[in-house]
Structure formats: structure tokens, C-alpha cells
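Q: With the input below, show me the fold.
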Amino acid sequence: MDYKAAGAPKPAKGTPRHSEHNARGTEKNPLNRKDDKAALLARMKAAAKAKKG
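A: Residues are numbered from 1 along each chain as shown. Just a heads-up that it's a prediction; the model follows:
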């Protein structure tokens, strides 16, 4: 008897069950968008300064 073939088939691996709301390549988050590191750093510094007092 072939015990390997017994039981339920294994599900496909590596495929997401749903698409992410902020996935790259969508209308809200295009692939050619450039993340602005300077703006991010400025926001982080402002948040740290506001938290400090």
C-alpha cells in the first residue's frame, strides 16, 4: 500500500490568500514611486523633538 498518497492533498505553498492593501504596483502605491528618505528623517526628528518636550 502506498501510504504517501493517502490523506488529503497538501495545499499550494507560497501563494498569498489575499492581496495586501498597500502592495507595490497598485494605484495607491506605484512601483516607480521613490521613497523620500529626507522627508522620512525630518518626520522622525520632528516626532522625537515633540516627544522630548
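Q: Dihedrals phi and psi, E20?
A: The phi/psi pair for E20 (degrees, to the nearest 10) reads phi -70, psi 150.
Q: Report pLDDT for it.
A: E20 carries a pLDDT score of 80 in this model.
Q: what's the burial count for it?
A: Applying other Cβ atoms under 10 Å, we find 9 residues neighbouring E20. For the C-beta atoms, the positions are set from N, CA and C on the backbone; glycine is no exception.
Q: From N29, how far off is it?
A: For E20, the distance to N29 equals 9 Å [Cβ to Cβ, to the nearest Å].
Q: Tell me which residue is most central in this structure.
A: Residue closest to the average C-alpha location in the chain (Cα atoms, centre = their mean): A23, at 6.2 Å.
Q: How about it, nearest residue that isn't a chain neighbour?
A: Closest residue in space to A23, ignoring its immediate chain neighbours: N29 at 6.6 Å, by Cβ to Cβ, 6 or more residues apart in numbering.
Q: Specify the local secondary structure of M44.
A: Counting by DSSP: H, G, I helix; E, B strand; the rest coil, the backbone at M44 sits in helix.
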